[in-house]
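Give me a model of this one.
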Amino acid sequence: MKNTLVIIPTYNEKDNVASMIEAVMSLGEKFDLLIIDDGSPDGTAQIVKDHQSKFQDRIHMIEREGKLGLGTAYIRGFEWALEKTYIKICEMDCDFSHSPSDLPRLCEAVDQGADVAVGSRYVDGGGVYNWPKRRILLSRGASLYAGLVTGIPVKDTTAGFVCYSRNFLEKLNFEKIVFKGYAFQIQMKYAAYLLGFKIVEVPIFFKDREEGVSKMSGNIITEAIFGILKLRFDSSKEDYARSK
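Okay, here's the model as predicted:
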């Protein structure tokens with residue numbers, strides 16, 4: 001089996017994607033990279049293609065037409081990773097808000113028995129750089145709200161820097177994972193919690209993007225607020241278990 005796959009969805013990330021590819025590739029041959037690009041009009045996909053010949057068999061790309069959402073991108077990536085027999089599957093942003101140098105620590109947590117290793121801003125040793133107070137309050141409030149409603153024993157429920165074990169993803173019913181933004185990240189953790197998988201938080205520092213434009217929108221926030229209630233009252237352990 002291959003070792004670790006890092007999945008990065010992109011939309012208009014030409015200012016970041018080349019540097020991100022180089023950073024992940026510098027971690028060594030245990031790490032492969034899958035870029036899922038949603039038809040970026042700025043040429044992001046071509047930059048990825050230009051790097052594929054340099055790192056043969058380690059950089060992969062799926063091109064999709066139009067903005068189909070973060071959640072659907074990751075689900076497509078998870079399916080691809082399982083087909084290719086990766087042992088650990090990571091998700092992260094392309095804008096360097098998540099540091100590639102933290103990937104080995106997330107993977108180590110899975111190697112030591114975690115099924116979901118969450119890069120957490122809100123545990124001891126973690127934190128946030130260069131975020132306005134309003135964004136910090138919104139993020140921490142959303143995580144607190146999600147934890148109170150769902151019971152997930154995670155302080156950073158909206159975190160998007162995560163390493164999953166193959167064992168967890170093989171047993172997860174992807175069709176039940178329906179959200180696209182923050183709510184997607186919460187739902188993945190909720191599914192792991194309901195199914196009894198081990199979740200561990202690994203402290204990281206989150207830095208606001210320096211290049212490109214944030215993908216945050218009012219629709220994403222609304223989905224998270226109401227989606228969490230739907231998770232709590234309209235889903236069960238049986239819903240998330242993949243049929244054998």
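
how about the longest helix along the chain: buried residues?
Ranked by residue count, the top helix of the chain under DSSP state H comes out as helix 133-150. With burial defined by 16 or more other Cβ atoms under 10 Å, the residues of helix 133-150 counted as buried are Leu138, Ser139, Arg140, Ala142, Ser143, Tyr145, Ala146, Gly147, Val149, Thr150. Just so you know, the C-beta spots here come from the backbone N, C-alpha and C atoms, and that holds for glycine as well.

what residues are up against the last one?
With contacts defined as Cβ atoms under 8 Å, 6 or more residues apart in numbering, the neighbours of Thr150 are Thr157, Ile186, Tyr190, Tyr193, Ile228, Leu231, Arg232.

let's see it at 10 Å
Residues near Thr150 by Cβ atoms under 10 Å, 6 or more residues apart in numbering: Thr157, Ile186, Gln187, Lys189, Tyr190, Tyr193, Leu194, Ile228, Leu229, Leu231, Arg232, Ser235.

tell me the phi and psi of the most centrally placed residue in the chain?
What sits nearest the mean C-alpha location of the chain, by Cα atoms, centre = their mean, is Glu91, with 3.4 Å. With angles defined as degrees, to the nearest 10, Glu91 sits at phi -130, psi 140.

what's the offset of the longest helix of the chain from the middle of its chain?
In terms of Cα atoms, centre = their mean, to the nearest Å, the centre of helix 133-150 is found 18 Å from the chain centre.

Could you list the paired strands of the helix or strand following it along with their orientation?
Proceeding N to C from helix 133-150, the next assigned helix or strand is strand 162-165, under DSSP states H and E. With DSSP bridges as the criterion, the sheet partners recorded for strand 162-165 are strand 88-91 (antiparallel), strand 116-120 (antiparallel).

do you know which of those lies nearest Lys198?
Closest to Lys198 of the strands paired with strand 162-165, according to Cβ to Cβ: strand 116-120, at 7.3 Å.

sorry, back to before: and the buried residues of helix 133-150, which is closest to Val123?
Ranked by distance to Val123 (Cβ to Cβ), the buried residues of helix 133-150 are led by Ser143 at 11.0 Å.

Quick check: next helix or strand after the lowest-mean-pLDDT helix or strand in the chain?
Within the chain, confidence by mean pLDDT, DSSP states H and E is lowest for helix 218-233 among all helices and strands, at a mean of 70. Downstream of helix 218-233, the first helix or strand assigned by DSSP H and E is helix 237-240.

Counting by contacts, list what that following helix packs against.
The contact analysis (3 or more Cβ pairs under 10 Å, 6 or more residues apart in numbering; DSSP states H and E) places helix 237-240 against helix 182-194.

tilt between whichever helix or strand comes after the helix it packs on and strand 116-120?
Moving toward the C-terminus from helix 182-194, the next helix or strand (DSSP H and E) is strand 199-203. Angle of strand 199-203 versus strand 116-120, following axes from the mean of the first three to the mean of the last three Cα atoms, to 10 degrees, is 30 degrees.

Packing partners of strand 199-203?
When contacts are defined as 3+ Cβ pairs under 10 Å, 6+ apart, strand 199-203 sits against helix 103-111, strand 116-120, strand 162-165, helix 182-194.

repeat that for 6 Å
helix 103-111, strand 116-120 (3 or more Cβ pairs under 6 Å, 6 or more residues apart in numbering; DSSP states H and E).

Name the strands paired with that strand and say parallel or antiparallel.
strand 116-120 (parallel).

And for the strand it pairs with, what's in contact with it?
106, 109-110, 126, 156, 159, 161-164, 192, 199-204 (Cβ atoms under 6 Å, 6 or more residues apart in numbering).
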